[in-house]
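[1] sequence? don't have it. structure:
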């Protein structure tokens, strides 16, 4: 009994530390919230999380309104990418990469298109109407439309 | 060959039976346990197998990708344990072998396929049909193998136990038994303690047995010694008994002879009787007067004394046998009553005594009664109440013969006279040499006439002329006789003789003057007169 209580105390302490850490992270990246955006000319106004998963994990290649969708991964900003997938499906990048490696041979399912930098992603969003990408909220411009926000 | 009552055989039977019992009970149990275990294991394996394809199935369901679904289902059915499988979602259906599984009435196991990215969402279900036949077959095979290995193990344990018990217990015991069988009790033979058994129970048994053998040997030698002593003694006793000069008999109360020695047999043969095992109670049939013997002996026995006496034996031939009999009662420890009779042959002694008595009563020169014998005869006749005449005879001229021709001639005269007396008297009359040249005749006569007749016959004989040493002149002896009657004249022997003596003296007066009156009868008065004179 005493031992269990002890363990309970340790766990609660760890949880408390973790939440503190979150709070510590949040102010630092206060402007670093991720949003999913499309070209501002795109008809799609809003997407839900499931819809995002279906598009980014290759189930569908079109928006619910039937318009073609091109999800875009950022290659070089690992931090952003990892944060996005963690928030979307709760999996680390290694698992996401393993998922795509497994499907690469089937040929029917396509992974998201790749842009090297965040700036390239921004450019692609402004040029391509079908583009769908995740960016920090601070990088949102007038030519983009936010279709999903992570809480 | 095999002793079915032997230790080894019984032990093997018990061991085999016990092993079989153990195996029967345990294999049944283990078979069931193994079987259930294998079935559970198979179910668990199916879950694990599903685990290997669940990711693929999940992705296939998410992407509604038939190729991936096929891959997952085919992968499952490749396993021997799975007969068929199917995956079913809103957009996807794929199955392999399901129809066959349904034909075989196999119950499927259902697994939910979740969205790989939204675990809360079920996208499809996978039904897996276990290959029940294969699983059961496998389980049975393993269980049976286990059972067989148990049987084999029990067999091995049984054989090992048998071999071990045989070498440790049965074989040494058999060896001990065999050597015990060969041993002759009472000798110095002993059983060897089997190797490595000096401190085991078998060793203790052997040691105890050897101790027992030692005791037996000791007892045997003691008994042998005792027996030798007894035999030695018995031989001596037998010698003593058999060689005894006395006839010895041990007999039962009823008269059956239990033991007799050679002397007894000789004695019986000597009196001309057959050798028999029984001569009546107390050998009474051997004796001349059985009733007396029995009465005498029993009377002594009743006084708790041994009986002794001299008895005459019955005689079939003419052998007169006298024995000294010593008889005593023997009572054994068991209360049986025996008689011991010893018979000493005293016939010769008896004969000698008789001869002695004869010598005392007869005259050694003439062979007729002497004075001693004569007196006995007279008193015997008197006691019996006989009537008789006593004639006292004195020879005339005898002294001259003695003087002239010597004593031998005198003796010849006396012998002659005695013979004449013996010859001339009647059968019932008696002649006695009273002493010197005096003779007495006891005549059965009560009157003077018959006495005269008898005496004259005697006188005729005595008067015969006598020739000594071829002499020409004959010698003639005459006699003077005085007679007294019993009991008419006197009832007392001495008085009677005295009367006769007086009468004879009177006759003597006439020997020259009137030799014809040589015989004078006593006068009772004259006796009194004579006494007075």
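    Yep, that arrived. A quick note: this is a predicted structure, and the numbers were derived from the prediction, not measured. Numbering: from 1, shown residues only, chains lettered A, B, ... in the order given.
[2] Chain B - how does it break down into domains?
    According to automatic domain parsing, chain B comprises the domains B:7-140, B:247-347, B:362-532.
[3] Could you save these as TSV and add columns showing mean pLDDT and distance to chain A?
    No exception for glycine: its C-beta is placed from N, CA and C like everyone else's. TSV is the format used below for the domains of chain B (pLDDT from 0 to 100; distance: least, CB to the nearest CB, whole Å):
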stretch	mean pLDDT	distance to chain A
domain B:7-140	89	4
domain B:247-347	88	98
domain B:362-532	85	151
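[4] Now render those domains as CSV, adding mean neighbour count.
    Formatted as CSV, these follow (neighbours: other CB atoms under 10 Å in any protein chain shown):
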stretch, mean neighbour count
domain B:7-140, 17
domain B:247-347, 16
domain B:362-532, 17
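[5] quick one, which of the ones you listed is nearest to residue B:218?
    Evaluated with CB to CB, the domains of chain B place domain B:247-347 nearest to residue B:218, the distance being 28.3 Å.
[6] tell me, what residue is most central in chain B?
    A centroid search over chain B (CA atoms, centre = their mean) returns residue B:258, at 13.1 Å, as the residue closest to the centre.
[7] For residue B:243, give me phi and psi.
    The phi and psi values for residue B:243, taken as degrees, to the nearest 10, are phi -90, psi 0.
[8] So what's the residue count around residue A:141?
    Residue A:141: 11 surrounding residues under other CB atoms under 10 Å in any protein chain shown.
[9] Identify the residue spatially nearest to the residue in chain A that chain B sits nearest to, adjacent ones excluded.
    With CB to the nearest CB, the shortest gap between chain A and chain B falls at residue A:89, namely 4.0 Å. Closest residue to residue A:89 apart from its sequence neighbours, by CB to CB, 6 or more residues apart in numbering or on different chains: residue B:117 at 4.0 Å.
[10] I'd assumed residue A:85 was in contact with the one you found.
    No - at 9.7 Å, residue B:117 does not count as touching residue A:85 under the criterion of CB atoms under 8 Å.
[11] Find the residues that touch each one of these two.
    residue A:91 (CB atoms under 8 Å, 6 or more residues apart in numbering or on different chains).
[12] Would you agree residue B:129 falls within a strand?
    Yes - if the criterion is DSSP: H, G, I helix; E, B strand; the rest coil, then residue B:129 is within a strand.
[13] and the gap between it and residue B:7?
    According to CB to CB, to the nearest Å, residue B:129 stands 61 Å off from residue B:7.
[14] Start from the N-terminal end of the chain and give the strands.
    All of this refers to chain A. Assigned by DSSP state E, chain A shows strands spanning A:34-39, A:70-74, A:113-115, A:131-136, A:144-149.
[15] not what I meant, chain B
    Remark: strands assigned in chain B by DSSP E are B:82-89, B:93-96, B:109-114, B:122-130, B:247-252, B:257-260, B:307-312, B:322-331, B:337-345, B:388-396, B:430-435, B:438-443, B:478-486, B:519-521.
[16] Switch the ones you listed over to TSV; also include distance to residue B:211.
    Output for those, formatted as TSV (distance: least, CB to CB, whole Å):
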stretch	distance to residue B:211
strand B:82-89	79
strand B:93-96	87
strand B:109-114	79
strand B:122-130	76
strand B:247-252	45
strand B:257-260	44
strand B:307-312	57
strand B:322-331	43
strand B:337-345	45
strand B:388-396	98
strand B:430-435	94
strand B:438-443	97
strand B:478-486	100
strand B:519-521	112
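[17] Which one, of those, ends up nearest to residue B:11?
    strand B:122-130 (49.8 Å).
[18] Remind me what the closest one packs against, helices and strands.
    Strand B:122-130 is packed against helix B:7-63, helix B:66-77, strand B:82-89, helix B:98-103, strand B:109-114, with contacts defined by 3 or more CB pairs under 8 Å, 6 or more residues apart in numbering or on different chains; DSSP states H and E.
[19] Compute the inter-axis angle for the second one and strand B:82-89.
    Orientation of helix B:66-77 against strand B:82-89 (axes from the mean of the first three to the mean of the last three CA atoms, to 10 degrees) gives an angle of 150 degrees.
[20] any idea how chain A splits into domains?
    A:1-30, A:31-149.
[21] By mean pLDDT, show me the worst of those domains.
    Note on the domains of chain A: lowest mean pLDDT is at domain A:1-30, with a mean of 50.
[22] which residues touch the residue nearest to residue B:415 when sequence neighbours are not counted?
    With CB to CB, 6+ apart as the criterion, residue B:415 has its nearest non-adjacent residue at 5.5 Å, and that residue is residue B:366. Shown in contact with residue B:366 (CB under 8 Å, 6+ apart): B:414, B:415, B:417, B:418, B:419, B:433.
[23] Likewise for residue B:314?
    Neighbours of residue B:314 in contact, by CB under 8 Å, 6+ apart: B:271, B:273, B:285, B:286, B:287, B:288.
[24] Residue numbers of chain A in contact with chain B?
    By CB under 8 Å from any CB of the partner chain, the residues of chain A that approach chain B are A:50, A:53, A:57-59, A:88-91, A:99, A:102-103, A:106, A:108-109.
[25] Please indicate which of the residues you listed are buried?
    A:53, A:57, A:58, A:59, A:88, A:89, A:91, A:99, A:103, A:109 (16 or more other CB atoms under 10 Å in any protein chain shown).
[26] thought the last one was touching residue B:67?
    I take that to be residue A:109. No - counting by CB under 8 Å, residue A:109 sits too far from residue B:67 to count as a contact (10.5 Å).
[27] quick one on the thing from earlier: mind pulling up the phi and psi values for the residue nearest to residue B:415?
    With angles defined as degrees, to the nearest 10, residue B:366 sits at phi -100, psi -20.
[28] Now stretch A:141-151: buried residues?
    A:144, A:145, A:147, A:148, A:150.
[29] And the residue nearest to residue B:415, how close does it get to residue B:265?
    Counting by CB to CB, the separation of residue B:366 from residue B:265 is 45 Å.
[30] And for residue B:4?
    Taking CB to CB, one finds residue B:4 at 63 Å from residue B:265.
[31] again with residue A:39
    169 Å.
[32] Then residue B:150?
    Distance from residue B:150 to residue B:265, by CB to CB: 91 Å.
[33] Residue A:37 too?
    164 Å.
[34] try residue B:521
    64 Å.
[35] Spell out the residue ranges of the helices in chain A.
    A:2-28, A:49-56, A:78-89, A:93-103, A:118-127 (DSSP state H).
[36] coming back round to it: quick one: which of the strands of chain B is nearest residue B:229?
    Once the strands of chain B are compared by CB to CB, strand B:257-260 is nearest, at 21.5 Å.
[37] in stretch A:121-135, what counts as buried?
    A:121, A:122, A:124, A:125, A:126, A:128, A:130, A:131, A:132, A:133, A:134, A:135.
[38] which residue sits closest to residue A:54 in space, ignoring its chain neighbours?
    Counting by CB to CB, 6+ apart, the nearest residue to residue A:54 once its immediate chain neighbours are dropped is residue A:60, at 4.7 Å.
[39] residues near that neighbour, how many?
    Neighbourhood size, residue A:60 [other CB under 10 Å]: 15.
[40] backbone phi and psi for it, please?
    Backbone torsions of residue A:60, given as degrees, to the nearest 10, read phi -120, psi 150.
[41] Relative to residue A:52, how far out is it?
    In this view, residue A:60 and residue A:52 are 11 Å apart by CB to CB.
[42] Next, the distance between the ends of stretch A:79-97.
    For stretch A:79-97, the first-to-last residue distance is 15 Å (CA to CA, to the nearest Å).
[43] Tell me how far that stretch lies from the chain's centre.
    Relative to its chain's centre, stretch A:79-97 lies at 7 Å (CA atoms, centre = their mean, to the nearest Å).
[44] Thank you kindly, that will do.
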